[in-house]
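1. here is my input, please return the structure:
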Amino acid sequence: MSRFSHFAAIDWSGAVGPRQPGIAVALCALGCAAPVLVREGHVWSRQDVLDWMLEEMPERTLVGLDLGPSLPFADRGAFFPQWDESPSDARGLWALVERLCAEDPHLAAGSFVDHPEASRHFRRHGGREGDLFGGGRGRLRITEVAQQAQGLNPYSNLNLVGAAQVGKSSLTGMRLLHRARRRLPIWPFDPDPGTGSLIVEIYTSLAALAAGKRKGQTKVGAHELDARLAAFACDPHVPLMGRYSDHATDALLTAAWLRHAHDRPELWAPAGLTEELARTEGWTFGVV
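-> Residues are numbered from 1 along each chain as shown. You can find the predicted model right below:
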């Protein structure tokens with residue numbers, strides 16, 4: 001019997017503004033019924049998502065957040081080499097982002113990106129690349145190197161440029177994690193307490209690959225959603241009232257994958273995850 005009763009996948013957004021069309025929340029219970037969108041048609045704010053997680057989400061939910069909860073650390077022994085305020089662990093990083101962005105509305109993180117020390121480590125718009133960014137694709141976490149080995153194409157969380165960048169989502173997500181941390185454990189920074197809800201990092205493309213999509217072609221259209229859900233022993237979905245966005249289908253498929261895969265012991269004990277990484281960089285659930 002699973003210790004979880006529900007499974008949620010949240011496609012997150014780091015975009016500017018009070019409400020984000022790019023956010024989608026999908027939820028399913030144990031069994032075979034297809035996931036549904038929470039508040040279908042609602043344009044979420046980041047604070048809405050936090051409030052839902054803390055106040056409305058079912059009590060025993062495994063909830064996946066499609067964002068990077070931390071930054072590279074292991075490659076250089078620090079998040080921000082040469083900065084004396086560089087934190088020693090992920091929780092310190094979340095607190096630093098929250099403190100420097102305290103005046104940024106909507107859980108935004110612009111003040112952190114523009115900080116004179118932090119900005120040295122980011123690639124930003126307008127050709128602005130910090131002198132410590134590192135060049136190329138940018139620094140990767142160990143879990144992102146492992147993602148590559150599984151056929152995924154991760155981007156550095158320090159890269160803030162381009163349609164595929166995930167840095168802004170990651171930084172705004174750190175503000176959510178900082179505020180949620182006292183009421184919701186976050187794996188692997190916290191061990192699974194065995195009761196209640198638990199947050200994990202997800203990569204929606206991983207669910208798509210597990211459902212039979214090919215590398216580099218992981219977006220799921222409305223016409224194929226039921227076939228991909230069936231790969232996870234899932235019933236056909238209830239047709240959506242509105243447009244089938246990539247955000248919606250990503251969230252629906254990944255919620256079904258979480259339910260299908262969550263009880264595989266090897267996913268909770270990946271070979272590359274050390275105590276040091278669990279404290280600093282974290283790990284993407286499903287990467288082994």
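2. doesn't S13 fall inside a helix?
-> No - the assignment for S13 by DSSP: H, G, I helix; E, B strand; the rest coil gives coil, which leaves it out of any helix.
3. that one and A278: what is the separation?
-> According to CB to CB, to the nearest Å, S13 stands 27 Å off from A278. Placement of C-beta: from N, CA and C, glycine included.
4. and those two? Which one has more around it.
-> Applying other CB atoms under 10 Å to S13 and A278 shows that S13 carries more neighbours, namely 24 against 17.
5. so the more buried one makes contact with Q20?
-> Yes - the pair S13 and Q20 qualifies as a contact (CB atoms under 8 Å) at a distance of 4.0 Å.
6. which residues are in contact with both of these two?
-> Counting by CB atoms under 8 Å, 6 or more residues apart in numbering, the shared contacts of S13 and Q20 are R46.
7. for the stretch 101-250 of the chain, just list every one of the helices.
-> Along the stretch 101-250 of the chain, counting by DSSP state H, counting those that start in this stretch, helices occupy 110-113, 142-149, 167-180, 204-210, 225-230, 246-261.
8. so can I have JSON lines of these showing mean neighbour count and mean pLDDT?
-> Formatted as JSON lines, those follow (neighbours: other CB atoms under 10 Å; pLDDT from 0 to 100):
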{"stretch": "helix 110-113", "mean neighbour count": "18", "mean pLDDT": "96"}
{"stretch": "helix 142-149", "mean neighbour count": "18", "mean pLDDT": "96"}
{"stretch": "helix 167-180", "mean neighbour count": "24", "mean pLDDT": "97"}
{"stretch": "helix 204-210", "mean neighbour count": "23", "mean pLDDT": "96"}
{"stretch": "helix 225-230", "mean neighbour count": "19", "mean pLDDT": "98"}
{"stretch": "helix 246-261", "mean neighbour count": "25", "mean pLDDT": "98"}
